[in-house]
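S.K.: Build me a model from this:
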Amino acid sequence: MIFVLFVAAAMITLTWLLGWWGILVVALIIGVVFHEHGGGGWRVAAAASVAWGTLLVADGVVGPLGHVATMLGGVMGVPAAGVLVLTLVFPAALAWSAATIAAESRRIVGSRAS
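M.R.: Below you'll find the model as predicted:
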């Protein structure tokens with residue numbers, strides 16, 4: 001749980017600095033560093049959802065999150081709740097993919113070097 005919270009904190013910071021690319025940067029680093037443990041794919045995905053969930057809550061406190069979700073849902077043809085769910089699924093899928101690919105790439109490169 002501590003791992004997920006620390007990774008989520010890094011993702012929040014880098015999302016604020018780099019946009020959604022921050023999720024990729026953190027996930028790639030974690031994947032390479034923790035390649036012996038499979039890159040921590042599901043934990044990195046959970047951290048990404050926690051990170052963006054935290055950003056959504058912060059945004060909802062100071063802005064019209066519900067109104068924006070309703071308008072965007074109308075454009076996409078999904079309910080507002082669907083937009084919020086997709087907002088949490090997207091970084092999770094992105095982080096899991098990046099961490100898993102980075103870990104596997106590191107494992108392959110490491111085995112060839114030996």
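S.K.: lowest-pLDDT helix or strand in this protein?
M.R.: Of all the helices and strands that make up the chain, the one with the lowest confidence by mean pLDDT, DSSP states H and E is helix 65-76; it has a mean of 85.
S.K.: quick one: average pLDDT of the helix or strand just after that one?
M.R.: On the C-terminal side of helix 65-76, the nearest following helix or strand under DSSP states H and E is helix 80-113. Per-residue pLDDT over helix 80-113 has a mean of 88.
S.K.: which residues touch the least confident helix or strand of the chain?
M.R.: By Cβ atoms under 8 Å, 6 or more residues apart in numbering, the list of residues contacting helix 65-76 from outside reads 56, 59, 60, 79, 80, 81, 82, 83, 84. All C-beta atoms are positioned from the backbone trio N, CA, C, and that covers glycine.
S.K.: which one is the second one nearest to, not counting chain neighbours?
M.R.: Across the structure, with Cβ to Cβ, 6 or more residues apart in numbering as the measure, the residue nearest residue 59 apart from its sequence neighbours is residue 65 (5.4 Å).
S.K.: Report how many residues lie close to the one you found.
M.R.: Applying other Cβ atoms under 10 Å, we find 18 residues neighbouring residue 65.
S.K.: Against which helices or strands is the strand or helix carrying residue 9 packed?
M.R.: Counting by DSSP H and E, the element that carries residue 9 is helix 2-18. Packing contacts for helix 2-18, counted by 3 or more Cβ pairs under 8 Å, 6 or more residues apart in numbering; DSSP states H and E, involve helix 21-33, helix 41-62.
S.K.: Check those helices for me and report the most buried one.
M.R.: Between the helices and strands packed on helix 2-18, helix 21-33 has the highest mean count of neighbours, a mean of 21, where neighbours are mean count of other Cβ atoms under 10 Å.
S.K.: and the angle from that helix to helix 80-113?
M.R.: With axes from the mean of the first three to the mean of the last three Cα atoms, to 10 degrees as the basis, helix 21-33 and helix 80-113 are set at 30 degrees to each other.
S.K.: which residues are in contact with helix 21-33?
M.R.: If you take Cβ under 8 Å, 6+ apart as the criterion, helix 21-33 is touched by 7, 10-11, 13-16, 18, 39-41, 44, 47-48, 51-52, 91, 94-103, 105-106.
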